[in-house]
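Novice: below are the sequence and a predicted model for it; my questions follow.
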Amino acid sequence: MADTVRRRITAADIAAAAGVSRATVGFVLNNTPGQTISEGTRQRVLAEAARLGYRPHRAAQTLARGRSRIVLFVLPDWPLEHNMRRYLDEAAHVLDEAGFSMVAYTRHLGDRSRPLWESLDPDVVVGFSAFDAGTVKSLRASGITKIFPQPGGRAHLPGLSAGTTLQVRHLHELGHVRLAFAESPDPRLAALNAHRLGTARRTVHDLGLGELSVHSVDYRDGTADQAVGRWHRAGVTAVVAYNDDVAAAVTGAALRSGLSVPGDLSVVGHDDSPLAALFVPALTSVRMNSSGLGRFVAQEALHLADGRPRPSSGADVDVTLVPRDSTAPLGA
């Protein structure tokens, strides 16, 4: 019976085929500097390696070089929404251009499995915000010292609250004084939801507007219809939505109830997802340059990994409001 398991080709096999020493093969395959190996010998070794189907052993390379060329991104337990995908796509592109692989890893509350960094041996570990003390201890116990943001640092998402401020100010500039905030019902987003709500309340207070009416909105259970009815009876004329999905749920509920958007109720979303432009009426929304953030973080990781220049400036995360059909001046 033919052997169905193919043996891994080793440096010794290449050395025998090329008629050179194993040391010479190692120097050529690892592109070791300072060697006096002739170009003919180097090409012969590379040709035999290709002919035999040699593939480098990742674990052995890591031991030899002390590097895996892997950057591990540890993500919060959030839904993988539009902005997060753009952030990860751009970071992966920058790292790939530099010869590094990106691995994304989501930690869930109550995870029983060993954290991925214990087996992956990444060069750098990147968090969406600064890691807690327990995680830092676990990282360092695994021999990982290159961590971003630095332990004790702050979140590297400068646009965290700027978008919500833009939402409120936009509605205020249109003449709206009775505003509501539509929360996301997803428990995984509780902390971020609370942060945006707190920002909305502070902005409303600073502008001298009335108290912000708050309701959790889920398109699946009727809470959107209940919220819109309550807000309309209370004289609310504009809604700040946690994100575009929530904005679409509010807008749909308003239209089903016979209200006009934006005539009776203006609605502004957040994230400028594809849904915002495709929805009818098109949703006014906040756009954040999450690709710029991904590029910035990847460049910081490369600086930690092998000393490449740090980004010349802070994260390029411009936050802008994109006006569309779902908002209009009060009484228009």
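Specialist: Yep, that arrived. Numbering: from 1, shown residues only.
Novice: show me where this structure has strands.
Specialist: With strands called from DSSP state E, the chain shows them at 70-75, 101-106, 124-127, 147-148, 179-183, 213-216, 238-241, 266-268, 285-288, 319-322.
Novice: you'd agree S273 is up against E81?
Specialist: Yes: with contact defined as Cβ atoms under 8 Å, S273 reaches E81; the gap is 7.0 Å. C-betas here are computed from N, CA, C, even on glycine.
Novice: so between the two, which is more surrounded?
Specialist: S273 (23 against 15; other Cβ atoms under 10 Å).
Novice: can you tell me, leaving aside adjacent residues, what's nearest to that one?
Specialist: Spatially, and ignoring its direct neighbours in sequence, S273 is nearest to H82 (4.0 Å; Cβ to Cβ, 6 or more residues apart in numbering).
Novice: OK, contacts around that neighbour?
Specialist: Listed by Cβ atoms under 8 Å, 6 or more residues apart in numbering, the contact set of H82 reads D271, D272, S273, P274.
Novice: ok, of these, which come out buried?
Specialist: D271, D272, S273 (16 or more other Cβ atoms under 10 Å).
Novice: P329: which of the residues you listed is nearest?
Specialist: Closest approach to P329 among the buried ones among the contacts of H82 (Cβ to Cβ): D272, at 21.6 Å.
Novice: circling back to that earlier point, put together TSV for the strands of the chain, with mean pLDDT on each row.
Specialist: Shown next, in TSV, are the strands of the chain (pLDDT from 0 to 100):
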stretch	mean pLDDT
strand 70-75	91
strand 101-106	89
strand 124-127	92
strand 147-148	92
strand 179-183	97
strand 213-216	95
strand 238-241	98
strand 266-268	98
strand 285-288	93
strand 319-322	93
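Novice: turn the contacts of H82 into TSV, including distance to G134 and pLDDT.
Specialist: Below are the contacts of H82 laid out as TSV (distance: Cβ to Cβ, whole Å; pLDDT from 0 to 100):
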residue	distance to G134	pLDDT
D271	31	92
D272	36	94
S273	34	92
P274	38	92
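Novice: re the thing from before, give me the common contacts of S273 and E81.
Specialist: In contact with both S273 and E81: N243, using Cβ under 8 Å, 6+ apart.
Novice: the closest residue to H170 other than its chain neighbours: neighbour count?
Specialist: Excluding the flanking residues, the one nearest H170 by Cβ to Cβ, 6+ apart is L321, at 5.3 Å. Number of residues near L321 (other Cβ under 10 Å) recorded here: 19.
Novice: surely L321 and M288 touch.
Specialist: No: L321 is beyond contact range of M288, at 10.5 Å (criterion: Cβ under 8 Å).
Novice: tell me, what's touching the two both at once?
Specialist: G163.
Novice: buried stuff in stretch 129-139?
Specialist: Neighbour-count burial for stretch 129-139 [16+ other Cβ under 10 Å]: A130, F131, T135, V136, S138, L139.
Novice: one step back: possible to save the contacts of H82 as TSV with distance to E39?
Specialist: Output for those, formatted as TSV (distance: Cβ to Cβ, whole Å):
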residue	distance to E39
D271	54
D272	54
S273	54
P274	53
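Novice: narrow these to those in helices?
Specialist: Among these, the members falling in helices (DSSP state H) are P274.
Novice: by mean pLDDT, flag the weakest helix or strand of the chain.
Specialist: helix 58-65 (a mean of 49; mean pLDDT, DSSP states H and E).
Novice: re earlier: list just the nearest of the buried residues of stretch 129-139 to D264.
Specialist: Set against D264, the nearest of the buried residues of stretch 129-139 by Cβ to Cβ is A130 (44.0 Å).
Novice: how far away is the closest one from P149?
Specialist: Distance, A130 to P149, by Cβ to Cβ, to the nearest Å: 5 Å.
Novice: same thing with V20?
Specialist: V20 is 47 Å from P149, by Cβ to Cβ.
Novice: got it, and N289?
Specialist: From N289 to P149 the distance is 19 Å (Cβ to Cβ).
Novice: more crowded one of the two?
Specialist: Ranked by neighbour count (other Cβ under 10 Å), N289 and P149 place N289 first, with 20 against 17.
Novice: so the more buried one versus S101, what's the distance?
Specialist: Separation of N289 from S101 (Cβ to Cβ): 24 Å.
Novice: P309 reaches H303, doesn't it?
Specialist: Yes: if you go by Cβ under 8 Å, P309 and H303 touch, sitting 6.8 Å apart.
Novice: out of these two, which sits in the more crowded spot?
Specialist: Between P309 and H303, H303 has the larger neighbour count (other Cβ under 10 Å), namely 16 against 8.
Novice: quick check: which ranges of this protein have low pLDDT?
Specialist: When residues are selected by pLDDT under 70, those of the chain lie in 1-7, 32-34, 56-67, 152-160, 313-317.
Novice: break it into its domains for me.
Specialist: 11-56, 70-158+292-317, 162-287 (automatic domain parsing).
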